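> Give me the fold of what follows.
(one chain, ligands or ions: 2)
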Amino acid sequence: MTHNTTANWTKRWTFILAATGSAVGLGNIWKFPYITGEYGGGAFVIVYLACILAVGIPVMIAEIMAGRAARANPVDAMLDLSAQAGAPKIWSIVGLGGVIGGLMILMFYSVVAGWALDYSWQSLTAAYHESSADTIEANFGALTGSFSRQWFWQTLFVVFTGGVIAAGVTGGIGRAVEILMPLLMLFLLGLLIYSWSVGEVGPSLSFMFTPDFSKLSTEAVLVALGHAFFTLSLGMGAIMAYGAYMPGEHSIGKTVMLIGALDTGIALVAGLAIFPLVFANGLEPSSGPGLMFVSLPIAFGQMPGGVIFGSVFFILVSIAALSSSISLIEPGVAWLEGHGIPRKLGTLLAAGIGWLGGIACIYSGDFFNALDHVTANYILPLGGLLIAIFVGFVLSRDRVKQEVAFESERYFALWHFALRYVAPLGILVVFLHSVGVI
Ligand code: PFF
Ligand code: NA
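Residues are numbered from 1 along each chain as shown. Ligands and ions are numbered 1, 2, ... in the order given. Predicted coordinates:
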């Protein structure tokens with residue numbers, strides 16, 4: 001088969017690093033803290049963690065398994081696997097939906113990544129050094145009000161994304177994350193220590209971990225589920241595309257637990273670092289997308305060595321965004337490549353669409369919000385639902401069992417049950433609840 005991938009990440013860590021690079025991104029450091037703030041804290045965090053465990057982890061195992069079993073891009077993987085199982089070709093719509101969903105996410109993701117680049121520059125030039133909290137808050141408004149600044153950095157980010165993708169799978173993606181992910185983690189921990197030494201730790205802990213379920217809105221539950229998909233890069237074939245490069249002898253179960261733990265850990269550490277600063281500086285936890293871009297510069301502006309620390313931090317966040325954004329267009333590019341369209345041309349096409357959509361997002365906050373809302377809350381969970389049903393019911397139990405190759409029969413049974421019943425019913429219940437049916 002011509003579309004089957006020949007690239008294979010044989011180095012033991014490459015798959016784990018690339019998949020972690022995809023998962024860890026703006027979703028953890030930018031989005032998780034601000035939606036936690038917006039949806040009331042503790043109860044939201046608990047629902048989110050439950051969604052990661054009961055829905056995200058089982059679906060991630062299924063996605064990697066499907067990609068590795070077919071050794072193809074998500075569209076052709078779904079085609080091949082359904083043909084082998086005697087199921088209709090229409091299942092490939094899951095892959096196609098992912099290709100489109102990835103481009104839709106890239107549109108607003110690249111704008112936020114552009115903000116991170118702008119703040120890298122602001123940090124390097126000490127633009128907010130020793131500024132008041134009010135000034136720093138106004139800075140963020142100035143950025144989101146400036147078309148040319150956002151356009152410049154968003155363009156640069158899309159060019160970086162395209163560059164890594166065009167450079168190819170092994171060299172491009174694998175190498176970039178190897179050093180930078182651990183470094184990001186180190187800096188987040190440094191930030192956490194600083195934040196806890198100057199900020200309001202008590203109120204932050206009770207805000208993040210004391211659940212008040214009476215405050216949990218219907219929408220909050222939908223957002224928590226959607227974010228579980230978004231943060232783990234699930235439901236759109238990104239992880240399936242990477243799974244196609246995973247060496248056969250590696251344990252999917254262990255890998256997924258590791259990625260899930262790292263992604264969740266980084267989100268929680270980001271929240272634990274940001275909220276003490278939010279409370280100490282009289283900011284509102286519910287102040288929205290600007291939360292990290294206001295609270296962190298306040299800290300960097302005051303701490304000793306803040307110019308350097310802030311610069312490195314925002315550069316690392318930008319790189320984390322980059323290692324995620326490449327996985328947004330990899331499914332589409334790999335699909336086109338499998339059908340005779342050269343990688344560089346496919347990259348140009350995908351990046352071009354993302355770039356144009358990003359410009360629309362800069363013009364229209366409504367468009368930005370709509371893309372964020374529709375992809376995270378509907379497209380990804382729907383994709384995940386279909387993947388769970390496909391791997392859980394359409395593929396034969398024996399085939400699946402052999403492909404995932406769990407170390408123990410008990411783990412397999414547990415996972416298969418979660419995939420067939422817990423994940424699909426969970427997603428359905430949240431969907432039906434959000435439209436008011438139940
Ligand atoms: N997981 C990424 C984050 O948390 O920032 C975002 C993302 C990347 C979502 C790739 C979906 C995806 F396919
Ligand atoms: Na994430």
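> switch to C-alpha atoms for all contacts and neighbour counts from now on
Fine.
> which residue is nearest the middle of the protein?
Compute the mean C-alpha point of the chain, and by CA atoms, centre = their mean the closest residue is T231, 3.6 Å away.
> just checking, that residue touches N28?
Yes. With contact defined as CA atoms under 8 Å, T231 reaches N28; the gap is 6.6 Å.
> coming back round to it: leaving out chain neighbours, which residue sits closest to the residue nearest to the centre of the chain?
G27 (5.2 Å; CA to CA, 6 or more residues apart in numbering).
> From Q150, how far off is that neighbour?
Here the criterion is CA to CA, to the nearest Å. By it, G27 lies 19 Å from Q150.
> cool, L189 as well?
From L189 to Q150 the distance is 29 Å (CA to CA).
> One more: V269?
From V269 over to Q150 (counting by CA to CA), the distance is 28 Å.
> Between those two, point out the one with more neighbours.
Higher neighbour count among V269 and Q150: Q150, with 25 against 18, using other CA atoms under 10 Å.
> Only the buried residues of stretch 419-430, if you could.
419-420, 422-424, 426-427, 430 (16 or more other CA atoms under 10 Å).
> got the residues of this protein near ligand 1?
With CA under 6 Å from any ligand atom as the criterion, the chain meets ligand 1 at residues 22-28, 102, 230-234, 236, 238, 324-325, 327-328.
> go with 8 Å
Applying CA under 8 Å from any ligand atom, we find that the chain lies next to ligand 1 at 22-29, 31, 98, 102, 105, 109, 229-239, 263, 320-321, 324-328, 380.
> Count the neighbours of the residue nearest to T231 for me.
G27 sits with 23 neighbouring residues when counted by other CA under 10 Å.
> what about the residue of the stretch 51-200 of the chain found nearest ligand 1, which helix or strand?
In the stretch 51-200 of the chain, the residue found nearest to ligand 1 is G102; the distance is 5.9 Å by CA to the nearest ligand atom. Here G102 is covered by helix 93-124, with elements defined by DSSP states H and E.
> how close does F44 sit to A418?
Distance from F44 to A418, by CA to CA: 22 Å.
> now do S324
Between S324 and A418 the distance is 27 Å, computed by CA to CA.
> now swap in E63 and tell me
Noted for E63: a distance of 14 Å to A418, by CA to CA.
> Return the per-residue confidence for A299.
On the pLDDT scale, A299 is placed at 95.
> And it, how far from G310?
Applying CA to CA to A299 and G310 gives a distance of 9 Å.
> Could you do L156 as well?
The gap separating L156 from G310 is 20 Å, by CA to CA.
> do G56 as well
According to CA to CA, G56 stands 32 Å off from G310.
> Comparing these two, which shows the higher neighbour count?
Taking other CA under 10 Å, G56 and G310 do not tie; G56 has more neighbours (31 against 27).
> And ligand 2, is stretch 262-273 touching that?
No. For stretch 262-273, no contact with ligand 2 is found by CA under 5 Å from the ion; the gap never falls below 5.5 Å.
> Point out where this structure drops to low pLDDT.
Applying pLDDT under 70 to the chain flags the ranges 1-12, 169-176.
> For it, which residues are neighbours of ligand 2?
Counting by CA under 5 Å from the ion, the residues of the chain near ligand 2 are 23-24, 27-28, 231.
> so which of the residues you listed would you say is closest to K344?
Among the residues of the chain next to ligand 2, A23 lies closest to K344 (CA to CA), at 24.3 Å.
> give the contact list for the closest one.
231-233, 259, 263, 324 (CA atoms under 8 Å, 6 or more residues apart in numbering).
> S324 and A418 - which one has more neighbours?
Neighbours were counted for S324 and for A418 using other CA under 10 Å; S324 has more, 28 against 22.
> which non-adjacent residue is nearest the more buried one?
S22 (3.9 Å).
> Show me which positions of the one helix or strand that neighbour maps to end up buried.
For S22, the element it lies in under DSSP H and E is helix 14-23. Using 16+ other CA under 10 Å as the test for burial, helix 14-23 gives 14-23.
> now do stretch 39-56
Buried-residue list, stretch 39-56, by 16+ other CA under 10 Å: 39-49, 51-56.
> Tell me which residue of the stretch 151-300 of the chain lies closest to ligand 2.
Of all residues in the stretch 151-300 of the chain, T231 sits closest to ligand 2, at 3.2 Å by CA to the ion.
> Please report how far that residue lies from G265.
12 Å.
> Correct me if wrong: the residue nearest to S324 contacts S325.
Yes. S22 lies in contact with S325 (CA under 8 Å); the separation is 7.3 Å.
> who are the neighbours in contact with I16?
I16 neighbours (CA under 8 Å, 6+ apart): 255, 259.
> try it again with 10 Å
Applying CA atoms under 10 Å, 6 or more residues apart in numbering to I16 gives the contacts 9, 22, 174, 177-178, 242-243, 246, 252, 255-256, 258-259.
> From the residues you listed, which land in strands?
Secondary structure from DSSP state E places none of the contacts of I16 in strands.
> Check these against P88 and report the nearest one.
G243 (22.8 Å).
> returning to what we had before: now the common contact residues for A299 and G310.
Residues touching both A299 and G310 comprise 129, 191, with contact defined as CA under 10 Å, 6+ apart.
> Next SSE downstream of the helix or strand hosting F412?
Assigned by DSSP H and E, F412 falls within helix 409-417. Next helix or strand after helix 409-417 toward the C-terminus (DSSP H and E): helix 423-434.
> between that next one and helix 409-417, how many degrees?
Helix 423-434 runs at 30 degrees relative to helix 409-417, counting by axes from the mean of the first three to the mean of the last three CA atoms, to 10 degrees.
> show me where the stretch 151-300 of the chain has helices.
Applying DSSP state H, counting those that start in this stretch to the stretch 151-300 of the chain gives helices spanning 175-198, 201-209, 218-231, 238-243, 252-280, 291-302.
> so what does the second one touch, helix or strand wise?
Counting contacts by 3 or more CA pairs under 10 Å, 6 or more residues apart in numbering; DSSP states H and E, the secondary-structure elements packed against helix 201-209 are helix 32-38, helix 42-51, helix 175-198, helix 252-280.
> So which other helices or strands are in contact with whatever helix or strand comes next after the second one?
Going back to what we said before, that points to helix 42-51. Reading on from helix 42-51 to the C-terminus, the next helix or strand found by DSSP H and E is helix 57-70. Using 3+ CA pairs under 10 Å, 6+ apart, the elements in contact with helix 57-70 are helix 74-84, helix 218-231, helix 238-243, helix 252-280, helix 380-389, helix 397-404, helix 409-417, helix 423-434.
> give me that answer again for 7 Å
Secondary-structure packing of helix 57-70 (3 or more CA pairs under 7 Å, 6 or more residues apart in numbering; DSSP states H and E): helix 74-84, helix 238-243, helix 252-280, helix 380-389, helix 397-404.
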